[in-house]
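> What follows is a predicted structure for the sequence shown.
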Amino acid sequence: MKLSRVVPMILIIVMVSADCAGQDKTSGLFAAFNRHASASQAALGASLLSSGSAAVIFFNPAGMQYLENTQASFTYLKLNPDLDQKFMTFALSKHLGSNFSIGLGGMSHSVGGIEGYNSSAEFTQMYKVNEWLGMLALSTDMIAPFGIGVNIKAASLKIAGSEGISATGFGFDYGIVYQQSQWFLISVSAQSAFKLNENEMSLPRIRSSMEFDIPFFWENRGGTFQLAATTQTEYGHWTTGFLGLHSSFPIVSGIKGYLNGRTPGQLLLTNSGTLAEQEFEPPDKWGIGGGITIDIGMDVKMKMEIAYLDEKYFDQLITTIEFIY
């Protein structure tokens with residue numbers, strides 16, 4: 001397929017999603033799983049060329065085809081202002097032959113110390129929220145230059161208190177990647193809603209990105225410089241976009257460092273006329289991250305990274321450790 005046809009197709013998918021993906025009734029349940037799962041994707045907006053992380057299964061399962069043979073990633077996220085919360089993820093990906101990959105992922109999120117009040121503004125009790133998610137991902141590049149993938153996900157939520165609340169949800173995520181050369185890639189993924197109670201859903205999301213690997217003056221020594229233009233549609237109401245940068249360079253033999261950056265989000269398209277009246281501002285602000293990859297022997301690499309995101313309601317500090325084989 002010619003590039004001149006692919007790019008308009010991607011833009012049409014994103015714009016149509018803003019008009020059609022909305023639901024009559026949505027819920028904030030499982031909102032924690034919309035958070036970024038690793039520093040690379042956090043800073044770049046789910047880029048594939050530069051992230052090289054097993055956590056890509058949370059963003060586009062087709063991206064597993066572009067990873068090393070086996071990778072395992074572990075992430076911890078901390079919010080500021082500080083809450084009594086814990087947010088952790090893991091992701092595992094493995095190639096099955098040359099054309100297929102399988103992945104496993106999980107998230108755990110808890111928030112304690114939540115004060116409950118009645119309609120008369122009287123304190124009632126303290127609450128605690130616990131969320132869990134499990135995910136199985138499959139991908140293939142049998143129809144190269146396209147890679148396709150799907151996630152099967154299940155989640156559980158419990159709110160502890162005298163009148164406890166519990167919910168379970170199931171859903172699917174779909175992804176496609178187009179890569180005709182090593183320096184250019186297009187990614188589109190649809191994060192479906194969790195099906196909850198009757199006529200109630202969690203928040204669906206659609207992402208797309210165009211990524212470029214730009215020639216770098218240290219390229220002959222393993223250096224890279226990459227640019228990603230990303231859009232993100234939030235449950236059919238609006239679409240935002242931002243740019244991400246990635247630069248990596250060798251430090252000494254067996255050790256490579258890298259830096260990531262993300263611009264603030266910009267509102268590109270909206271379905272709601274009230275957003276302009278409310279002077280809607282995308283919650284995604286600037287982000288910066290970086291880390292090192294170390295060859296530890298036996299064909300195993302260890303990657304350690306950290307990212308800081310300045311966002312509308314919370315600042316996020318994300319730390320990740322990953323093993324690559």
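Now that the structure is in, tell me what you want to look at.

> all strands of the stretch 1-150 of the chain, in order?
70-80, 84-96, 100-117, 123-140, 146-160 (DSSP state E, counting those that start in this stretch).

> for the third one, packing partners?
Think strand 100-117. With contacts defined as 3 or more Cβ pairs under 8 Å, 6 or more residues apart in numbering; DSSP states H and E, the packing partners of strand 100-117 are strand 84-96, strand 123-140. Using the backbone N, CA and C atoms, a C-beta is placed for each residue, glycine as well.

> Show me what counts as buried in it.
Neighbour counts over strand 100-117 (16 or more other Cβ atoms under 10 Å) mark 101, 102, 103, 104, 105, 107, 109, 110, 111, 114 as buried.

> Stretch 165-183 now?
Those would be 167, 169, 171, 173, 174, 175, 176, 177, 178, 179, for stretch 165-183 by 16+ other Cβ under 10 Å.

> The closest residue to the first one other than its chain neighbours pairs with what?
Just to be clear, that refers to residue 167. Leaving aside its sequence neighbours, residue 167 sits nearest to residue 157 (Cβ to Cβ, 6 or more residues apart in numbering; 4.8 Å). Beta-bridge pairing for residue 157 (DSSP bridges): residue 131, residue 167.

> how close does residue 157 get to residue 173?
Going from residue 157 to residue 173 by Cβ to Cβ, to the nearest Å gives 18 Å.

> go on, residue 102?
Taking Cβ to Cβ, one finds residue 102 at 15 Å from residue 173.

> Identify the bridge partners of residue 206.
Here residue 206, judged by DSSP bridges, has bridge partners residue 190, residue 233.

> My read is that it contacts residue 190, right?
Yes. If you go by Cβ atoms under 8 Å, residue 206 and residue 190 touch, sitting 5.1 Å apart.

> out of those two, which sits in the more crowded spot?
residue 206 (24 against 19; other Cβ atoms under 10 Å).

> coming back round to it: and of the buried residues of strand 100-117, the nearest to residue 314?
Checking the buried residues of strand 100-117 against residue 314 by Cβ to Cβ gives residue 111 as the nearest, at 11.9 Å.

> Just list the residues touching the closest one, thanks.
Neighbouring residues of residue 111 by Cβ atoms under 8 Å, 6 or more residues apart in numbering: 83, 84, 85, 128, 129.

> for this protein, which spans come out with low pLDDT?
Applying pLDDT under 70 to the chain flags the ranges 1-51, 161-164, 195-203, 219, 235-236, 272-280.

> Tell me where it has helices.
Taking DSSP state H to define them, one finds helices in the chain at 3-20, 39-44, 274-277.

> so who does residue 88 touch?
Counting by Cβ under 8 Å, 6+ apart, residue 88 makes contact with 74, 75, 76, 77, 107, 108, 109.

> and which of those is nearest to residue 258?
Nearest to residue 258 among the contacts of residue 88, with distances taken as Cβ to Cβ, is residue 75, at 16.5 Å.

> Pretty sure residue 55 is one of the things that closest one touches, is it not?
Yes. Residue 75 is in contact with residue 55 according to Cβ under 8 Å; the separation is 6.5 Å.

> and the gap between the residue sitting furthest away from the middle of the chain and residue 136?
Relative to the centre of the chain, the most outlying C-alpha is that of residue 120, 39.8 Å out, by Cα atoms, centre = their mean. Distance from residue 120 to residue 136, counting by Cβ to Cβ: 47 Å.
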